[in-house]
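> My questions are about this predicted structure, shown below with the sequence.
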Amino acid sequence: MRPFKTLQKLYDEESQVVITEKGSPPRALFYGEGFLQEDLPVGTRVIFPRPPLAGVPNVKAAIRWAINHPEGMDPLHALLKPGMRLTCVIDDISVPLPPMVTPDVRQSILEVVLELAADSGVDDVHLVIANALHRRMTEAEMRRMVGTKIFDAYYPDRYYNHDAEDPDGIVALERTSHGEEVSVNRRVAESDLIIYVNVNFVPMNGGHKSMGTGVSNYASLRHHHNPKTIRESDSYMEPKASALYRSNERIGRNIDKHLKVFHIETTLNNRMFGAPVDFLAKKEEDYTEADRLKFQAMRYALSKMPRAAARKVLNAIPAPYDVTGVYAGATEPAHQKTLETSWKQYVVPVEGQSDIVIFPIPFISPYSVNSILNPLLVQVMGLGYFFNLNRGVPLVKKGGCLILLHPAYDEFDPEHHPSYIEFFHRLLPETRDSMKLEHKYEKEFAENPSYVHLYRKGNAYHGVHPFYMWYWGENGRQHVGKVIVAGAENNHVPALLGWDRTDTLTEAIEEARGFMGRSATISLLRIAPTVMVDVK
Amino acid sequence: MPSKAAFFDVDGTLVKTNVVHVYAYYAMNRGSVLGIAGRTLSTALSVPLFGAMDTLDRKTFNEFFYRYYAGLSEDRLVTIAEDMFEDVLKPALFEQSQDLIDQARRSGCKVVLVTGALDFTMRPLARHLGCDDLIANKMQFVGGKATGKVIPPIIEGANKANAIRAYCTKEGLTLDKCHGYSDSASDYAMLAVVGRPTAVNPDLRLRSIARAYNWPILDLK
């Protein structure tokens, strides 16, 4: 290990961008359920997340203030009428990541809202999880999300997962001006008032997407969850650059025209790691001796554990996020405020794109909470989410090279991702062309009775979901010239995904330089916690 | 016009019972006190033998087992089938069986039961579930009495696959797009012949096969 003094080189402590020098410390990088410690070439630009914003001092007070001073709507107490039918629609377990320390902010919101509803004589209240085509949350997960008191009072009759395949449970509203079908959960559609309880983990969440996607079905989602829309989206995180968001906006406006929806949106800071792993959020230059020892001990222990055990350990560490803002009211004005706070937390301005960009891929994704980050999810993290963590201009140049750090193991969770297995092993060997996959196989998977059954009665993602994961990576695939997965433990997974593989990051950088030229510029997005770039 | 079908095994897949339960019901309804006593006693004594044979070889089991129907009249068998459905099969249906069948229909499949049981015992169930067709064993009758022999080929194991293939040819269905559902490794051929196999409440052998081939596994309740 290098002497402490040489590691504390001079650098701009305020800046989130550090240029690697001779003697810069090695970087602590996520590598699936483990970590790598890597020296980067001199000149590599390392982009760090911003430090966490301060949380609101009293979350419940902030919630009360927001619902009493909503944007573009009357205060919530004025909307509640005795005898009315009220439905609270709640974001599912896909946000935040990892799940936050209890009480979850959704629990805090519901405690305030349900008390107010009861005081207003509203007894007909249902809590519906906006899981769309995501897996149903388990009983334990549902309990954790809202707390035991609410769970015991409402589960299972009045607190349940949305079922997009219930033939009697969906209502079709008027189509949009673009002909997009608008479908909504029947209980939601037949309510006098809907309160949407949101956790805005990244700017892509919330706004019209909440209702337009969360309580909809395949017939409606296929209008924007498709390769064409994704190709036309320059960034999922910047609404004005996203065709995906524009479609959701049209659908959401239709919903707002027919239903009364009161949104309560919340933003979190990026305090993803609490003790004893809080050092992971620091720049390596700021590591203390104790941090370095903890990192080495954790890296060693995780590398010696069976992968399932390492996964269990990492999943058991909740994130001590703080709530940084609560905004309520009509969809668009409330969401605009949310976006401003969200960007304030995540956006790091950077000068120019890079030829080569390195993304460390962690153990978790929105679709693998308490599960396995299978190869399709590695793909979606790299080419879908991380590639899109920008405000319209990607960090990597057009035709550039992406390096992902992950073992790329061939492991799937048959309980949560049964249709992913068939997609990966039967369809990808035939074609990686999203258009062809959509045209030839999407409907078949969406309607496969076994997958529908597993979605409705088990805890499986919908049969069509692996297609969405593949489409999600579409604009990344169209943009980059090469993807190399460094540290892949087999050949066939990268090959099926259309990627190269190397044993180490150093080899991957060498290969990327061979592809892009010896003077290629390199950036590392030092994620997690979450960071977004604003490329100037 | 559907171009695909969903083929469902019955015993253990859609209902909790098997052919022994069905036969036991007939034995219990023999008609006379002596008849009931005789058949119930002989059935009871044969249960360990049935169990052993069913585990070892379903074909031998069926051939052996259907001899017990010898001498029963066709009219009576058909009449009792309706009662037997209400008393034995309907209560034993998994609650989610109907959902699965409805979903298969919504996805554009013809719904076909494929079972080693006798056709007259399964018709009320097929009707109840809204199935389009039934592929089942047919008992031979002479002079209105069951001979105890099944008209070949006996529907079981590899013959289920043959029957499904023949059915698809006859109905103009694409085998590769068809779904198959079964609980038992003895139906491996039936599952392997269709393009979209699914193991339902599988036994240990089938569960391991399904895992190996990445077939979906359903646990119907």
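Cool, got the structure. Numbering: from 1, shown residues only, chains lettered A, B, ... in the order given.
> Which SSE is immediately downstream of the helix or strand of chain B with the lowest mean pLDDT?
Lowest by mean pLDDT, DSSP states H and E among the helices and strands of chain B is helix B:33-56, with a mean of 60. Using DSSP states H and E, the helix or strand that directly follows helix B:33-56 along the chain is helix B:58-65.
> packing partners for the helix or strand following that next one?
Going down the chain from helix B:58-65, the next helix or strand is helix B:74-84, by DSSP H and E. With contacts defined as 3 or more C-beta pairs under 8 Å, 6 or more residues apart in numbering or on different chains; DSSP states H and E, helix B:74-84 has these neighbours: helix B:19-28, helix B:119-129, strand B:145-150. C-beta here means a position set from N, CA and C on the backbone, and glycine is covered the same way.
> report the angle between the axes of the last one and helix B:58-65?
Think strand B:145-150. Going by axes from the mean of the first three to the mean of the last three C-alpha atoms, to 10 degrees, strand B:145-150 is angled at 160 degrees with respect to helix B:58-65.
> Tell me which residues are up against strand B:145-150.
B:62-63, B:66-74, B:77, B:118, B:137-141 (C-beta atoms under 8 Å, 6 or more residues apart in numbering or on different chains).
> where's that strand relative to the chain centroid, distance-wise?
Distance of strand B:145-150 from the chain centroid (C-alpha atoms, centre = their mean, to the nearest Å) equals 18 Å.
> Give the next helix or strand downstream of it.
As assigned by DSSP H and E, the chain's next helix or strand after strand B:145-150 is helix B:157-171.
> For the very next helix or strand once past that next one, the averaged confidence score.
Using DSSP H and E, the helix or strand that directly follows helix B:157-171 along the chain is strand B:179-182. Mean pLDDT, computed over strand B:179-182, is 98.
> Likewise for stretch B:7-16?
On average, the pLDDT along stretch B:7-16 is 95.
> what about it and chain A, any contact?
No: remark: stretch B:7-16 sits outside contact range of chain A, by C-beta under 8 Å from any C-beta of the partner chain, the gap being at least 10.2 Å.
> Show me the contact partners of that stretch.
Where contact means C-beta under 8 Å, 6+ apart, the residues beyond stretch B:7-16 that reach it are B:17-19, B:89, B:92-94, B:97, B:101, B:111-117, B:122, B:125, B:129, B:131, B:135, B:160, B:164, B:178-184, B:187, B:190, B:194, B:200-201, B:220.
> hmm, try it at 6 Å
B:18, B:89, B:92-93, B:97, B:112-115, B:164, B:180-183, B:187, B:200 (C-beta atoms under 6 Å, 6 or more residues apart in numbering or on different chains).
> Using CSV, write out the CA atom coordinates for it.
Output in CSV follows, covering the C-alpha atoms of stretch B:7-16 (Å, rounded to 0.1, in the frame of the first residue of the first chain):
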residue,chain,number,x,y,z
PHE,B,7,-51.9,-28.8,-24.3
PHE,B,8,-52.6,-29.5,-20.6
ASP,B,9,-51.9,-32.7,-18.8
VAL,B,10,-54.6,-33.1,-16.1
ASP,B,11,-53.6,-35.3,-13.1
GLY,B,12,-51.3,-33.3,-10.9
THR,B,13,-51.2,-30.4,-13.4
LEU,B,14,-54.7,-29.0,-13.2
VAL,B,15,-56.2,-31.2,-10.5
LYS,B,16,-54.7,-32.6,-7.3
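> List only buried entries from the contacts of strand B:145-150.
Among the contacts of strand B:145-150, the ones that count as buried by 16 or more other C-beta atoms under 10 Å in any protein chain shown are B:N62, B:E63, B:Y66, B:Y68, B:Y69, B:L72, B:L77, B:L118, B:N137, B:M139, B:F141.
> Just put these in TSV and tack on pLDDT.
Formatted as TSV, these follow (pLDDT from 0 to 100):
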residue	pLDDT
B:N62	71
B:E63	72
B:Y66	80
B:Y68	76
B:Y69	82
B:L72	85
B:L77	87
B:L118	91
B:N137	93
B:M139	92
B:F141	92
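> mind listing what A:S242 touches?
Counting by C-beta under 6 Å, 6+ apart, A:S242 has contacts A:S233, A:Y236.
> Look up phi and psi at it.
The phi/psi pair for A:S242 (degrees, to the nearest 10) reads phi -120, psi 110.
> Could you give the number of residues near A:N315?
Counted with other C-beta atoms under 10 Å in any protein chain shown, the neighbours of A:N315 add up to 17.
> Relative to chain B, how far out is it?
Distance from A:N315 to chain B, counting by C-beta to the nearest C-beta, to the nearest Å: 23 Å.
> what's the helix or strand for the residue nearest to that residue when sequence neighbours are not counted?
Spatial nearest neighbour of A:N315, chain neighbours left out: A:N370 (5.8 Å); criterion: C-beta to C-beta, 6 or more residues apart in numbering or on different chains. Counting by DSSP H and E, there is no helix or strand that carries A:N370.
> can you tell me which of the buried ones among the contacts of strand B:145-150 lies nearest to chain A?
Nearest to chain A among these, counting by C-beta to the nearest C-beta, is B:N137 at 25.8 Å.
> Render the CA-only coordinates of the helix or strand B:R207 falls within in PDB, please.
Using DSSP H and E, the element containing B:R207 is helix B:204-213. The C-alpha coordinates for helix B:204-213 follow below in PDB (Å, rounded to 0.1, in the frame of the first residue of the first chain):
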ATOM      1  CA  LEU B 204     -38.200 -33.700  -8.700                       C
ATOM      2  CA  ARG B 205     -37.100 -35.100 -12.000                       C
ATOM      3  CA  LEU B 206     -39.100 -32.700 -14.100                       C
ATOM      4  CA  ARG B 207     -38.100 -29.800 -11.900                       C
ATOM      5  CA  SER B 208     -34.500 -30.600 -12.600                       C
ATOM      6  CA  ILE B 209     -35.200 -31.100 -16.400                       C
ATOM      7  CA  ALA B 210     -37.000 -27.800 -16.500                       C
ATOM      8  CA  ARG B 211     -34.100 -26.000 -14.700                       C
ATOM      9  CA  ALA B 212     -31.700 -27.600 -17.200                       C
ATOM     10  CA  TYR B 213     -33.700 -26.500 -20.200                       C
END
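> helix or strand right after it?
Counting by DSSP H and E, the element after helix B:204-213 in chain order, helix or strand, is strand B:217-218.
> Name the residues of chain A found near chain B, please.
Chain A comes close to chain B at residues A:P418, A:I421, A:H425, A:E447, A:P449, A:S450, A:V452, A:H453, A:K457, as judged by C-beta under 6 Å from any C-beta of the partner chain.
> let's see it at 8 Å
Residues of chain A lying close to chain B by C-beta under 8 Å from any C-beta are A:165, A:167, A:414, A:418-419, A:421-422, A:425, A:444, A:447-454, A:456-458.
> Can you check the pLDDT for B:V111?
98.
> tell me the contacts of it?
Contacts of B:V111 were listed using C-beta under 8 Å, 6+ apart, and they are B:A5, B:A6, B:F8, B:I101, B:A104, B:R105, B:L129, B:G130, B:C131, B:D132, B:D133.
> returning to that earlier point: check the residues of chain A next to chain B for burial and list the buried ones.
Here, 16+ other C-beta under 10 Å leaves A:165, A:414, A:418-419, A:421-422, A:425, A:444, A:447-454, A:456-458 buried among the residues of chain A next to chain B.
> Just the ones in helices from those, please.
The helices, defined by DSSP state H, take in A:418-419, A:421-422, A:444, A:447, A:449-454, A:456-457 from these.
> follow-up on the earlier one: redo the buried ones among the contacts of strand B:145-150 as TSV? Include distance to A:G384.
Formatted as TSV, the buried ones among the contacts of strand B:145-150 follow (distance: C-beta to C-beta, whole Å):
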residue	distance to A:G384
B:N62	53
B:E63	57
B:Y66	58
B:Y68	61
B:Y69	61
B:L72	64
B:L77	61
B:L118	54
B:N137	52
B:M139	59
B:F141	64
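> Looking at those, which two lie furthest apart in space?
Taking C-beta to C-beta as the measure, these span a maximum distance of 18.2 Å, between B:E63 and B:L77.
> which stretch of helix or strand covers A:Y245?
helix A:243-258.
> In chain A, which residue is most central in space?
With distances taken as C-alpha atoms, centre = their mean, the residue of chain A nearest its centroid is A:P366 (4.6 Å).
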